[in-house]
Each structure stands twice: as C-alpha cells, then as structure tokens.
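Enquirer: Output the structure for:
(chains A and B)
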Amino acid sequence: MADRKALVVDDEFHIVQVVAIKLKNNGFDVLTADNGAAAYTLAVQHKPDIIVTDYQMPALTGLELIEKLRADEKTAAIPVIMLTARGFAIEDQQKQKLNIAACLSKPFSPREVLQTVEEVLKQTVHA
Amino acid sequence: MKGTLALCLSALALACGGSIAAAVVSLPGPILLACGILGLIAAAGLAYSLIHIAADVQTMTQTLRTDRPILDSLRSPALKPLAGAVRECLDKTLQPLQNARREIQELSLQLQLLRRRKSGIEAILNSIHDAVLVCDDQDRLILANPAAEKILGFESEKAALKPLKEHLADNPLADMIIRARSSKVRHVRHELSLNRSGSTAWFDCLLSSVLDDSGQVISVVAVLHDITREKEISQAKNDFVSHVSHELKTPLASINAYAEMLVDGEAQDEAAIRQFCEIIQGQAQRLNRLIEDILNISRIESGLMKVNRQNLSLALIIRDAVEMMQSYAQEKNITLAAPAPILCDQVYADRDMMMQVVVNLLSNAVKYTPTGGSVSVQFDMNDVDGTITVSVTDTGIGIPEQDMDKLFGKFFRVEANKNFAKGTGLGLNLVRQIVETVHNGRVFVRSKQGQGSTFGFVLPITSPKTASIA
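Expert: Below you'll find the model as predicted:
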C-alpha cells in the first residue's frame, strides 16, 4: 500500500539507500536524489508527501533546496526533515522560517528516521 | 708675639669658617693686631681676611716676591702654625666647593645614565612589533611607538597630548583605555579586531594602569600584540576538526544505520544481508583510511614517519592505482587511461607512500570531473636532469586562479568547488608531504577553471635497474 511518497536526498549513496530501504519496507514509495538540484526537479514532478534531505550537498545545499521548495507554490507545503552531520543545530528562527519539520543529526538511526517521518506526516494530516 | 699670632690665627680660623679665601697683611703693633683680629671677626663671611706678620714672616714676603709657592714658604718651622691655620681655613672654605663639584659630577653621570636608558628604552620600543601607547590621566596620548602609529594609523608627534578619541575615532581601543583609567584596574586584557586594508587583524590588548602613591591613575599603558596568525591557525584547527568529524561521521552513520537494519530484520533475503554486511565493512575501511591519512600527515610533520625506501617502478604503481580507481571512475562513466608500464625501477622511494600519492591524485581527478569526462596519467623520464614527472590530467571543473597557490595547504578546499564534491582538504596536503618532505621531490598544478586540471609531481631518478612486473 504505497500510497505515501517520500523523497530521500543525500550525496552519500549508502545513506540514501538505507533510508530508502527503511521507508520502502514500511510502506513508502521512495524517490531518491544525490543533490539538491535533482531533488527539486523530482519534488516538482512527483510532489512527495515528505522529503528527507541531507544538509551539505553539491549543486544545492539542504537549506537552499528548502528555500527553493518554499518559494514554489507547488512544493511550498511539503514537510521536510533534515539530516545534519556537522553537529550543529539549525537555529530555531531559520527552522521556523523555512518550516523545517525536524532535524536529525548523523550518525542517525533508521528507526528514528521512520518514527520522525510518521510523526511529521501525522501532524501534517491533522494541521 | 707668637702668642698674639696664635690668637690671631685662631680668630682668623673662626672668621674664615664660612668664607672662601684668606690673605696676609701687615699690622704695626698689638693694639692694631687686636683691632685687626676684631676686624677679621667682624668681617666673617667676607671674601678676604687680612693678617699682618712683620719680622717673623719676612721670609714669606720674600718668597712671595720671588714667586715661590706660598705653601712652601709656610713650611718653615716658624710659620707652621700660620700654615696650618691657612690650610685649615682653605680646607673649610673649599669643602663646600668640592662637595658641590662632586654633586655636579654625580648628577652629570646620572643624567648620562638616564639619557642612555631613555635611548635604550626608545630603541626597544621602536624595535618591537607590538604597539605600545601611553596615555595620561586626562586620556591624552603621551607616547606611542612606530608600531602603534602603523597599526592605529596616526602620527604620534601630531597626536601628542591631544585627546585619544580625536585620533582613535571609531576605534574601540579608545574606550578600552578610558575604561581602564576610570576603573583603576591594574591589568585588564581585551581582544581587539581592527580592519586593515580590507582584512581583519586581531590583537591581544593588555591595558595596565600606572598608579601614584595615593592610588590615583597617572597613566595607562596599552600594549597590542598581533594575534591574527594565531587566530587563523585556531580557525584552521576548528575547520579541521569540523571537517574531520564530518568525514568520520559519514561512514560511521552508514555503519550504524546498516547494523541497525540487520538487527531489525530489514534485510529481506540473504543477498540483502550480504549487501548490508559488505557496506558496513566498506565503510569501516573508509573510516580507517581517513584516520590513517590524518595520522600520516601528523607523523610526517613530526618526523616520526617510518619510511621503507626501495628501488621501484612508478609505472607499475600507476598501473596498480589505475586498476584500483577503475570502479570509481566507471560509476561516473569517466574514462581512466594510463600508459603501458616501463619495466625498470625509476625511483628510490616508499612503495606504500607513492601508491597513496598516485591514488590521491587519481581520486581527486575523478571526484572533480563531471560524469562522462576523462582522466589520464602521463609520466616522463628526463635523463638530462635526472627526474621523472608524473601528471594526472582531467577534464574536470578546474580551479580558480586565486586558489592555485593554496591547493596543497592543509585543510584547504576550493570554495567554488565545495558543493561539487566532499572532502577534508587533506588529500593534496598528504601528497605534498610525501613527495616534498619525505622524498625531496616537488608537486605542481596547472588548471583553468571550467577546463580541467593537471596535478603532478617530480622525483629524482635513481638506480635504473631492470624490474620485474609484480
């Protein structure tokens, strides 16, 4: 019952793969991209229910991708979860401004990613 | 007469106690002598005292006429008391003069010493790179060395005794000095940043208040030590830690995630289980390589690297490195070509290190070349100057002109290319350390932004012996 669509974006192939497998095994239809620009194109084309993206990526960074998504009415409402590896927290102000649903730091747990995705989607449905 | 003379001399001694000289004069008899003595006493403090000695001092007057020294004549036994009195009188009279002369000499010496000290202090102040400023209790500049003039941009002669804020407008240093003066804190330290010709310079600013006996601040001394380089090093270290932690976390994230997937039974068949295990193994190896890179740079820099030199063929190393990198190149559809190996030993070098050099250059070339591009390796032996040159040329994104001389620096990454591929900025630094520090060669780079790059190195040829293909 792949009625939920997720887009996973990371320039690390193994990271994309592990998140994709976790979500696929739990009923998601998963799209993948290895850079921000490709992710934006996929988001416009497929309008996923949720996007899980890395912060530091070639072509467009995670933040630049979200800015672009928010500026486009077709993708503006898609909830985004960000994975960060640098050990820094994205400021609350920026998080609110870009409507970032959640931030998870690497090394992450695929279980935790799935759980967060489910929670965010639940909140989005109820909102 | 002798008794009268003694009295006269005593009186003379008394009279001349505070005066500066004595003279000899004739008196006719005891009355007049007494008058003379009284006169002498009365004339105490005058410059000259007069004494008459008639027959007894005839010898002396004769001596005076013949220009013999007066004291010689006074040595005659008859004149001994007079001579003694005169001597005593002269000694007492001249003593203050001698004292004054000694004081003047001492003061003169002290003055010379002070002048020498002052010029010494000025020479020290003028020679040091730290800026030194001294302000008085009215916040007026009373001293600034040339370094202060240069750093803060004023001429101390023009600025002398004028309010500090006139010359340090918009400079937080003025407020720091004023605060230090008003707070009477003996020593206070601040970090100060100043914009100089478009870049920011950092200073460690030590302010010391000079207090008088009553505890009032009479001046404030400011010493500015340039810590820009330390700041840059500190920033580079922070960047390094940040890069390294990111690079360490990436394979660690994969290991952690795939291990959890195995535990959670997310691998749905044997093939998936095997794939997950292989990923974990590969990422662990990647982690190990990264740690080795960091340690190798550290070992080379500290001179602790163990080097196993041997005669070897660089061509064979290139062949092996190209084989190792083929799968990575194929993932990006990049053509990777190398010349046929020459069957001779060309260099006396550490095999593992040279392998690392070639792999790093190839890996970078593939990493920064867009899909569908090409990477090729060339090597040239120059028998004339006895060197071998290895070059790796790509059709990649190239390097901006302004970054060319920084490429082999530790932790450096081309800002414009950061988003194209990830990296720690350690690979090329390790190449340089191995080639230049360990093997006395040199590295080089040629590049045009958007048109590709050639990275390479030159090593001296040694021991041209025939080698066997491994």
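Enquirer: is the helix or strand hosting residue B:246 anywhere near chain A?
Expert: When elements are assigned from DSSP states H and E, residue B:246 belongs to helix B:228-263. Yes - using C-beta under 8 Å from any C-beta of the partner chain, helix B:228-263 reaches chain A at B:242, B:245-246, B:249-250, B:252-258, B:260-261. (Glycine included, C-beta is placed from N, CA and C.)
Enquirer: Most neighbours among the residues you listed, which one is it?
Expert: Highest neighbour count within the residues of helix B:228-263 next to chain A: residue B:257, with 29 neighbours (other C-beta atoms under 10 Å in any protein chain shown).
Enquirer: Tell me who's in contact with it.
Expert: Listed by C-beta atoms under 8 Å, 6 or more residues apart in numbering or on different chains, the contact set of residue B:257 reads A:14, A:15, A:18, A:19, A:107, A:108, A:109, A:110.
Enquirer: Which among the residues you listed count as buried?
Expert: With neighbours counted using 16 or more other C-beta atoms under 10 Å in any protein chain shown, these contain these buried positions: A:14, A:15, A:18, A:19, A:107, A:108, A:109, A:110.
Enquirer: I'd like those residues laid out as JSON lines, including pLDDT and distance to chain B.
Expert: Formatted as JSON lines, the entries for those read as follows, by pLDDT from 0 to 100; distance: C-beta to the nearest C-beta, whole Å:
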{"residue": "A:14", "pLDDT": "89", "distance to chain B": "4"}
{"residue": "A:15", "pLDDT": "91", "distance to chain B": "6"}
{"residue": "A:18", "pLDDT": "95", "distance to chain B": "4"}
{"residue": "A:19", "pLDDT": "96", "distance to chain B": "8"}
{"residue": "A:107", "pLDDT": "86", "distance to chain B": "4"}
{"residue": "A:108", "pLDDT": "89", "distance to chain B": "6"}
{"residue": "A:109", "pLDDT": "93", "distance to chain B": "6"}
{"residue": "A:110", "pLDDT": "95", "distance to chain B": "5"}
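Enquirer: Just flag the most distant two among those residues.
Expert: Within the buried ones among the contacts of residue B:257, A:14 and A:109 form the most distant pair, 14.9 Å apart (C-beta to C-beta).
Enquirer: where do the strands sit along the chain?
Expert: As the question left the chain open, I've gone with chain A. Assignment of strands within chain A using DSSP state E yields the ranges A:4-9, A:28-33, A:50-54, A:80-84, A:100-105.
Enquirer: Correction: the question concerned chain B.
Expert: The residue ranges that make up the strands of chain B, judged by DSSP E, are B:131-136, B:141-144, B:187-196, B:199-211, B:217-226, B:309-312, B:335-337, B:347-350, B:374-382, B:387-394, B:442-448, B:452-460.
Enquirer: Could I get the buried residue list for the second one?
Expert: Right, the one you point to is strand B:141-144. The neighbour-count check on strand B:141-144 (16+ other C-beta under 10 Å) flags B:141, B:143, B:144 as buried.
Enquirer: Report the beta-bridge partners for the second one.
Expert: Looking back up the chat, that one is residue B:143. Using DSSP bridges, the beta-bridge partners of residue B:143 come out as residue B:134.
Enquirer: picking that back up, so which of the strands of chain A is nearest residue B:175?
Expert: Distance to residue B:175, taken as C-beta to C-beta, is lowest for strand A:80-84 among those, at 39.4 Å.
Enquirer: Quick check: neighbours of that closest one in the sheet, parallel or antiparallel?
Expert: strand A:50-54 (parallel), strand A:100-105 (parallel).
Enquirer: what's the angle from it to helix B:228-263?
Expert: Regarding strand A:80-84 and helix B:228-263, their directions subtend 120 degrees when assessed with axes from the mean of the first three to the mean of the last three C-alpha atoms, to 10 degrees.
Enquirer: got the buried residues for strand A:80-84?
Expert: When burial is assessed from 16+ other C-beta under 10 Å, strand A:80-84 yields the following buried residues: A:80, A:81, A:82, A:83, A:84.
Enquirer: now do stretch B:143-153
Expert: Judged by neighbour count (16+ other C-beta under 10 Å), stretch B:143-153 contains these buried residues: B:143, B:144, B:145, B:147, B:148, B:149, B:151, B:152.
Enquirer: was I right about the second one contacting residue B:158?
Expert: The one in question is residue B:144. No - with contact defined as C-beta atoms under 8 Å, residue B:144 does not count as touching residue B:158 (10.7 Å).
Enquirer: on that earlier part again, just give me the lowest mean pLDDT stretch among the strands paired with strand A:80-84.
Expert: Within the strands paired with strand A:80-84, confidence is poorest for strand A:100-105, with a mean of 90 (mean pLDDT).
Enquirer: returning to what we had before: and of the strands of chain B, who's closest to residue A:35?
Expert: Distance to residue A:35, taken as C-beta to C-beta, is lowest for strand B:387-394 among the strands of chain B, at 19.9 Å.
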